[in-house]
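Undergrad: Just the structure for this:
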Amino acid sequence: MTTVDSPRAGTGRLSRGLGGRAHRVVFGATADAAIDRELPYVTVIDEAHLVMLAERRLVDSAAAARLLTEIHALRATGFAPLRGRPAPRGVYLLYEDHLIDRLGMRVGGVLQTGRSRNDLKATMHHLRLRELAMAALRGLLRSQALLLSRARRFRTVVMPAYSQFQPATPGSYGHYLLGVGESLDQDILGLRQACAGLDRCPLGAASGGGTDVAIDPARTAALLGFTAPVGHAGYAVASRDTAVRLLAACVLAGLTLSRLATDLQLWSTREFGLVDFPDSLVGSSSAMPQKRNPFLLEHIKGGAGSLIGAWTAAVANVKNVPFGNSVEVSTEAVDPVWPALERFTDLTELAISVVAGARPAREAMLRGADEGFTVATAVANRLVAQGVPFRVAHRVVGRLVTELIDAGVRVPSEVDIDATGRRLGELLRSAGVTTPVALTGADLDPAAVSRATDFGGGPGPASFAAAHDRLAAAWRDHAREVAAWSDRLTAAEVERNEAVRRWGGHP
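TA: Below you'll find the predicted structure:
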């Protein structure tokens, strides 16, 4: 007859476990992978839970002390006694059975008092997501800091601002990088907002209906570094929306990094020749000896695509699932999230490397802005300032550009200013406008035009400085919030360790 002290008592509802084939699919041949993935978090949760149970006198203090000591000792070995073993009912029950084998059912069997595997798993996911989200935020902050630094350094390096792959207006390499930094600012804000879901602790929700055991979920939450417990038990175990939101935020940031990589890859081609990379950031061809391949950019672009695939898989597993505990949501939906978030942090590291290593070709950039006739809009604006309706100015400047190109002019900054002004006057008169034309060399100089664009967020010095100062202040705010979050988690860890020691756990 099975006794209460036997760790093999099971649930009392099932007489046997999964068949071998199904078990291998669901749990694996051994528990090792799940041990590394789950038990470091589970043991931390167990410490907080046992401290709370002891404080509430829901478990015997001596039993709590023995359990805390055994959990600490097991973790210190890297869970060696559990490795290489099958887990017929999952890694958690393998772990619990080990504690029962070591301490007996009356001690080892109290660990699940007032909780379920459902809220335990949801809490474990929060802890794991917290680490990945913190790494993602730090990677983005480092990326944005570098972009802001490089933007300031290259703010006067004039280049074409492109529209639909065509030279559009005079810009600067620094202004371009500042724009990517602005996009990352929004990405960081979005990720921070997604992280808000990690502030509440699911532990205490049990299987989704709460518990009649007089636990203190707020105490457990505090010991684990959360600001509060989840207020609704059903939501706590039914949803993994925080994981999906975190991944969605990383998808959007990945799009920003992918677009940056696309530009740098295009600009590094021989046809553009606007940026170059050192040998440490390129690869060679196995067949073509002349090639220098900036393949890290392709990893960034491909990685961003992988993030989209992971998000699609996650939400597909949530769709049409009843709003309660479900394997589709709690396991299948989150499985793509973990590698995707780790991959995202790798993408930020690659982005840091390529942005830091990209070397702008100053002369080629300026020549591209000049030969691309990017000053044309400024010339039209000069006519508008002299009383010409913009649509007329736009038309006659377009005709002038066509004539110059047909005449073999490649560099508008080198044309005869007086002759060009006279021709504009003729074109205006043919359009019925007799306003005198007064052009200067600055009107045809991309660098001068770029410096004059101090309105509407352009690359002009005052405009650039205002945008840079604003983004730098936002960066400091983001960094302070992340640091405060990290400090709160550290303080909770210290408090938890002290509480464990008070209850006779590990030294």
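Undergrad: contacts, neighbours, all on C-alpha from now
TA: OK.
Undergrad: can you pull the contacts of the residue nearest to the spatial centre of the chain?
TA: With distances taken as CA atoms, centre = their mean, residue 250 lies nearest the centre of the chain, 3.6 Å away. Residues in contact with residue 250 (CA atoms under 8 Å, 6 or more residues apart in numbering) are 136, 187, 191, 307, 341, 344.
Undergrad: at 7 Å instead, please
TA: Residues near residue 250 by CA atoms under 7 Å, 6 or more residues apart in numbering: 191, 344.
Undergrad: Am I right that it is in a helix?
TA: Yes. Judged by DSSP: H, G, I helix; E, B strand; the rest coil, residue 250 forms part of a helix.
Undergrad: So for it, what's the pLDDT?
TA: Looking at residue 250, its pLDDT reads 98.
Undergrad: That one and residue 477, how far apart?
TA: In this view, residue 250 and residue 477 are 19 Å apart by CA to CA, to the nearest Å.
Undergrad: Next: residue 239.
TA: 30 Å.
Undergrad: between those two, who's got more neighbours?
TA: residue 239 (18 against 12; other CA atoms under 10 Å).
Undergrad: mind listing what residue 294 touches?
TA: 265, 281, 282, 283.
Undergrad: quick one, phi psi at it?
TA: Backbone torsions of residue 294, given as degrees, to the nearest 10, read phi -80, psi 60.
Undergrad: Distance check, it against residue 392.
TA: Residue 294 sits 45 Å away from residue 392, going by CA to CA.
Undergrad: Over to residue 267?
TA: Here residue 267 is placed at a distance of 34 Å from residue 392 (CA to CA).
Undergrad: Tell me the one of the contacts of residue 294 nearest residue 455?
TA: Nearest to residue 455, judged by CA to CA, of the contacts of residue 294 is residue 265 at 29.9 Å.
Undergrad: Distance-wise, check that closest one relative to residue 273.
TA: 10 Å.
Undergrad: These two: who's more crowded?
TA: More neighbours surround residue 265 than the other of residue 265 and residue 273, with 19 against 15 (other CA under 10 Å).
Undergrad: check contacts around the more buried one.
TA: The neighbours of residue 265, taking CA under 7 Å, 6+ apart as the test, are 294, 297.
Undergrad: Wasn't it part of a strand?
TA: No. Counting by three-state DSSP, residue 265 is not part of a strand but helix.
Undergrad: Give me the pLDDT for it.
TA: Reported pLDDT for residue 265: 96.
Undergrad: Also residue 11?
TA: Residue 11 is assigned 55 on the pLDDT scale.
Undergrad: and residue 207, which of the three is it?
TA: Residue 207 is classified as coil under three-state DSSP.
Undergrad: Cross-check the contact I'm expecting between it and residue 114.
TA: No. Contact criterion CA atoms under 7 Å: residue 207 and residue 114 do not qualify, at 9.9 Å.
Undergrad: can you count the residues close to the residue nearest to residue 324 when sequence neighbours are not counted?
TA: Take residue 324 and drop its neighbours on the chain: the residue closest to it by CA to CA, 6 or more residues apart in numbering is residue 238, 4.2 Å away. Residue 238 has 22 neighbours, counted by other CA under 10 Å.
Undergrad: For residue 238, which residues are in contact?
TA: Applying CA under 7 Å, 6+ apart to residue 238 gives the contacts 323, 324, 325, 326.
Undergrad: So what does the third one look like in phi/psi?
TA: The phi and psi torsions at residue 325 (degrees, to the nearest 10) take the values phi -60, psi 130.
Undergrad: Quick check: it vs residue 331, distance?
TA: Distance, residue 325 to residue 331, by CA to CA: 10 Å.
Undergrad: Kindly tell me how buried residue 470 is, as a neighbour count.
TA: Residues lying near residue 470 (other CA under 10 Å) number 12.
Undergrad: Which secondary structure state is assigned to it?
TA: With three-state DSSP as the basis, residue 470 sits in helix.
Undergrad: Do a quick rundown of the strands in this structure.
TA: Using DSSP state E, the strands of the chain run over 158-163, 166-172, 200-201, 228-229, 275-276, 359-360.
Undergrad: Quick check: can you list the domain ranges of this protein?
TA: Following automatic domain parsing, one gets these domains for the chain: 20-113, 117-362+460-478, 376-444.
Undergrad: and those as CSV, adding distance to residue 487?
TA: Listed next are the domains of the chain as CSV, based on distance: least, CA to CA, whole Å:
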stretch, distance to residue 487
domain 20-113, 18
domain 117-362+460-478, 10
domain 376-444, 51
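Undergrad: looking at the ones you listed, which has the lowest confidence?
TA: Among the domains of the chain, domain 20-113 scores lowest, at a mean of 88.
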